[in-house]
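A.B. asks: Predicted coordinates and the sequence they were generated for:
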Amino acid sequence: MKKKVMIGMSGGIDSSVTAYMLQKEGYEIEGVYLKLHNRSDGYHERNLGYVEDVANFLGIKYHILDLADKFTREIYDYFVDSYLEGTTPNPCVKCNKQIKFGAMLKFAQEKGCEFLATGHYVKTDGEFFYEADDKTKDQSYFLSQVDKKALPFMMFPLSTYKKEDIVKLGETLASVYKEITQKNESQEICFVETVYTDVIKKHANIDLPGDVLDEDGNIVGEHKGYMHYTIGKRRGFTVKGAQEPHFVKELNPKTNTIVVGKKEVLEVNEVIASGLNMYIDEKEFTATVKLRYRSVSLPCDVTIRDNKAYIKLKEPSFGVAAGQLAVFYDDQKVIGSAWIESTK
Ligand SMILES: Nc1ncnc2c1ncn2[C@@H]1O[C@H](COP(=O)(O)OP(=O)(O)OP(=O)(O)O)[C@@H](O)[C@H]1O
């Protein structure tokens, strides 16, 4: 009997080609589209149109799973609250853990599927995640909070391909694939239509000017409201008499102040992170760590104690933000991750 695979279908090229590939390999496939938010600009209608056309082309069944309430509670509210608290959230990491490889995986299993496949660029051997071959698309950072128990059920057929090859293949398939390749690349964060501040504005007044402080607490300028800034940002505030660029080092919601300094004051050598998700049991290890997506992996020593990771960097990093994820790698293998709480 053919093995049954559920495919997370977003209406984008990656998942549409994933479905084509797995069918060609001989799997029995079904699709599921997740409704994750209530965008009113025709977003879901457009995506579902593509999902339906691809499903018709392949002759497969597809489901619509409405997870908007769960998504609002667990992902959207966390996103807004993080900015209010002066931290920098990573909603895609939470979504992968709780929604895509939480609720969507459960749905796939309830429908009798042996596997869940997505168009993520990442590898797995059922025990660990590994970086994808296309390093410009690699999404291992975003998957590193996914529960170990979910890994044996995952399939990532795009893991060895380059994005451009997937687009090229799409162009040779049915006309719907061609149409999908011509639409705009999806947004970085699916519920942010333009910029994140437009989302936050719906929940708080973000335009509250306040003081810019130097490291010693002296007032040196003015800012537009702390929620306009993230750690490392260098524009949109004034610093009296500054000759050199200044960067945001700290956000203080309670006093509506931001602390800025020259690049060297943003230097970080130690990181404390909590909310661990480890794929190995060791409590002390040497690894490399990515402190944000699209940053280089830095060599470090890690000690796990009282459910926290104490990370000593062997070379400094700059502009590390609380709220982002620290992802530990052993070469290309993801060995765990934790949320950045504080830095030194
Ligand atoms: N709304 C959704 N419903 C079902 N699956 C989804 C949805 N959004 C994303 N996915 C799954 O997660 C994968 C990664 O999504 P992401 O948005 O990170 O990448 P993408 O490159 O835009 O993918 P795609 O081209 O398939 O839209 C998708 O390929 C798809 O399998």
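C.D. replies: Ah, there it is. What you are looking at is a predicted structure, and each value in this text was computed from that prediction instead of being measured.

A.B. asks: Name the surrounding residues that touch the least confident helix or strand in the chain by mean pLDDT.
C.D. replies: Here the helix or strand of the chain ranked lowest by mean pLDDT, DSSP states H and E is helix 175-182, holding a mean of 91. For helix 175-182, contacts defined as C-beta atoms under 8 Å, 6 or more residues apart in numbering pick out 11-13, 16-17, 20, 50, 53-54, 57, 167, 170-171. Heads up, the C-betas are built off the backbone N, CA and C, glycines and all.

A.B. asks: Separate out the buried members of those.
C.D. replies: 11-13, 16-17, 20, 50, 53-54, 57, 167, 170 (16 or more other C-beta atoms under 10 Å).

A.B. asks: circling back: how about the least confident helix or strand of the chain: buried residues?
C.D. replies: Using 16+ other C-beta under 10 Å as the test for burial, helix 175-182 gives 176-177, 180-181.

A.B. asks: ok, so of the buried ones among the contacts of helix 175-182, who is nearest T88?
C.D. replies: Nearest to T88 among the buried ones among the contacts of helix 175-182: G12, at 25.3 Å, using C-beta to C-beta.

A.B. asks: Who are the contact partners of the closest one?
C.D. replies: Contacts of G12 by C-beta under 8 Å, 6+ apart are 47, 50, 119, 180, 186.

A.B. asks: And the fourth one, how close does it get to R235?
C.D. replies: Using C-beta to C-beta, to the nearest Å, we find I180 at a distance of 36 Å from R235.

A.B. asks: got it, and V122?
C.D. replies: Distance of V122 to R235, computed by C-beta to C-beta: 33 Å.

A.B. asks: before we move on, what about V327?
C.D. replies: V327 is 28 Å from R235, where distance means C-beta to C-beta.

A.B. asks: These two - which one has more neighbours?
C.D. replies: Remark: of V327 and R235, V327 carries more neighbours, 29 against 10, as counted by other C-beta atoms under 10 Å.

A.B. asks: From F115, how far off is that one?
C.D. replies: Distance from V327 to F115, by C-beta to C-beta: 24 Å.

A.B. asks: Which one of the residues in the protein is closest to the ligand?
C.D. replies: G12 (2.0 Å; C-beta to the nearest ligand atom).

A.B. asks: quick one: what helix or strand has G241 in it?
C.D. replies: G241 belongs to no helix or strand when assigned by DSSP states H and E.

A.B. asks: What about it, how many residues nearby?
C.D. replies: With other C-beta under 10 Å as criterion, G241 counts 6.

A.B. asks: Next, count neighbours for the residue lying closest to G86 once chain neighbours are set aside.
C.D. replies: Counting by C-beta to C-beta, 6 or more residues apart in numbering, L251 is the residue found nearest to G86 once chain neighbours are left out, at 3.7 Å. Neighbouring residues of L251 were enumerated by other C-beta under 10 Å; the total is 24.

A.B. asks: so which strand or helix has L251?
C.D. replies: strand 247-252.

A.B. asks: gap between that strand and the chain center?
C.D. replies: Remark: strand 247-252 is offset 22 Å from the chain centroid, using C-alpha atoms, centre = their mean, to the nearest Å.

A.B. asks: What strands flank that strand, and is each parallel or antiparallel?
C.D. replies: strand 257-261 (antiparallel) (DSSP bridges).

A.B. asks: Which residues does the partner strand contact?
C.D. replies: The contact list for strand 257-261 (C-beta under 8 Å, 6+ apart) reads 210-215, 220-221, 223, 226, 229, 237, 239, 246-252.

A.B. asks: Give me the average confidence score over that strand.
C.D. replies: For strand 257-261, mean pLDDT is 97.

A.B. asks: Ok, stretch 92-104 next?
C.D. replies: On average, stretch 92-104 scores 98.

A.B. asks: for stretch 134-148, same thing?
C.D. replies: Stretch 134-148 comes out at a mean pLDDT of 97.

A.B. asks: Only the buried residues of it, if you could.
C.D. replies: In stretch 134-148, counting by 16+ other C-beta under 10 Å, buried: 134, 137-146.

A.B. asks: Now render those residues as a markdown table, adding distance to I7 and secondary structure.
C.D. replies: As requested, these are exported to a markdown table (distance: C-beta to C-beta, whole Å; DSSP: H, G, I helix; E, B strand; the rest coil):
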| residue | distance to I7 | secondary structure |
| --- | --- | --- |
| D134 | 20 | coil |
| K137 | 18 | coil |
| D138 | 20 | coil |
| Q139 | 16 | coil |
| S140 | 20 | helix |
| Y141 | 23 | helix |
| F142 | 18 | helix |
| L143 | 17 | helix |
| S144 | 22 | coil |
| Q145 | 22 | coil |
| V146 | 17 | coil |
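
A.B. asks: ok, so of those, who is nearest H37?
C.D. replies: F142 (17.8 Å).
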